[in-house]
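**Q** Quick check, what structure comes out for this input:
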Amino acid sequence: MSAPDGLPPLREVVQAHDLMPRRSLGQNFLFDLNLTGRIARSSGPLDGVTVVEVGPGPGGLTRALLMHGAAKVIAVERDPRALPALAEIAAHYPGRLEVVEADALEFDPRPLIGEGPARIVANLPYNVGTQLLTGWLTQEAWPPWWDSLTLMFQREVAERIVADESDRANYGRLGVLCGWRTRGQILFDVPPAAFVPPPKVTSSVVRLVPRPEPLPCRVRALETVTGAAFGQRRKMLRQSLKGATPDPAPLLAAAGIPETARAEEVPVAGFVAMAQAL
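**A** Residues are numbered from 1 along each chain as shown. From the prediction side, this is the model:
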């Protein structure tokens, strides 16, 4: 029986192309087109939009993005086994799917995007998800080339992405970086049973929208300050920040932060102020 888009069910696609997920590539496939459709819709209206998708695998989310109106999908896949399955989708949607065999950590999709809005929507491989997100958030040019990120992570990573100083258990370097340049929210959870193979943890879909004018700050300085502060988060900042500068007192004074404060107590604006002083 065909799926709603007229293509074979994903389970049949995986069997036909011998595409069983590989743990070494962080692969966990979603077969439920209702769920992939929900992810696609949660990224916002897709008419006229170019979408960059990382790790499409057999193409469940790819198909949902195209079914819901994406003008073009640029699918970046490093597993050559998935290319024939993706080629079938490209033939079904002529001119709307461009498949690139590449490592997303090293690939710049901007030359392929052209005019118009672009966004990133992906069920990211767990083993490189945080690294990819950090790369998208630390590019020098801002506002960025994408108008939103709709991404799936392990629940614990999602909680760190949206955390601020009110959530001290999850607040850290990632929360500061995301809070500085974007507004983020967890949209919904996806249970392990939805995946093949089922992971050991619940996943969450997160949406991040760039702040048009984040507080001015050098990216590398912010990374240095947060790395030192959260690298020894149990210590007071007057001690932990010595990993960033021999004398942290001027940084703390410039930001109006007590020397006895700890990293998880400092809001994003405080870290930005310390980075400016650095």
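
**Q** Got the confidence number for the residue nearest to Gln27 when sequence neighbours are not counted?
**A** Counting by CB to CB, 6 or more residues apart in numbering, Gln27 lies nearest to Pro21, which is 3.7 Å off, once chain neighbours are set aside. For the C-beta atoms, the positions are set from N, CA and C on the backbone; glycine is no exception. Per-residue pLDDT puts Pro21 at 75.

**Q** How about the one 10 residues further on?
**A** Listed pLDDT for Phe31 reads 86.

**Q** tell me the contacts of it?
**A** Contact analysis of Phe31 by CB atoms under 8 Å, 6 or more residues apart in numbering lists Pro9, Leu10, Arg11, Val14, Gly60, Val196.

**Q** so the residue nearest to Gln27 makes contact with Leu10?
**A** No. Using CB atoms under 8 Å, Pro21 is not in contact with Leu10, being 11.8 Å away.

**Q** Please enumerate the shared neighbours of these two.
**A** Taking CB under 8 Å, 6+ apart as the contact rule, Pro21 and Leu10 both touch Phe29.

**Q** quick one: which of these two has more around it?
**A** Comparing Pro21 with Leu10 by other CB atoms under 10 Å, the one with more neighbours is Leu10, at 23 against 17.

**Q** Just give the closest residue to the more buried one, not the sequence neighbours.
**A** Phe31 (4.5 Å).

**Q** So that neighbour versus Tyr126, what's the distance?
**A** In this view, Phe31 and Tyr126 are 17 Å apart by CB to CB, to the nearest Å.

**Q** just Ala253 next, same as before
**A** Distance, Ala253 to Tyr126, using CB to CB: 41 Å.

**Q** what's the neighbour count on Arg262?
**A** By other CB under 10 Å, neighbour count at Arg262 equals 18.

**Q** Can you pull the poorly scored residue ranges out of the protein?
**A** Applying pLDDT under 70 to the chain flags the ranges 1-2.

**Q** which residue is nearest the middle of this structure?
**A** For the chain, the residue nearest the mean C-alpha position is Leu133 (4.2 Å; CA atoms, centre = their mean).

**Q** what about Asp189, which helix or strand?
**A** strand 182-190 (DSSP states H and E).

**Q** Packing partners of that strand?
**A** Other helices and strands packing on strand 182-190, by 3 or more CB pairs under 8 Å, 6 or more residues apart in numbering; DSSP states H and E, are helix 33-42, strand 149-154, helix 155-162, strand 203-210.

**Q** Of all these, which one is nearest Pro117?
**A** strand 203-210 (12.1 Å; CB to CB).

**Q** so what does that closest one touch, helix or strand wise?
**A** Short answer (3+ CB pairs under 8 Å, 6+ apart): strand 203-210 packs on helix 33-42, strand 149-154, helix 155-162, strand 182-190.

**Q** hmm, back to that, on the three-state scheme, the residue nearest to Gln27 is what?
**A** Local secondary structure at Pro21 is given as coil here, using DSSP: H, G, I helix; E, B strand; the rest coil.

**Q** residue contacts, it?
**A** Pro21 makes contact with Gln27, Asn28, Phe29, Gly57, Val196, Pro197 under the criterion CB under 8 Å, 6+ apart.

**Q** With Val73 instead?
**A** Thr50, Val51, Val52, Glu53, Thr62, Leu65, Leu66, Arg96, Leu97, Glu98.

**Q** Kindly report the same for Pro58.
**A** By CB under 8 Å, 6+ apart, the contact set of Pro58 is Leu10, Val13, Val14, His17, Leu19, Phe29, Ala82, Ala85, Leu86.
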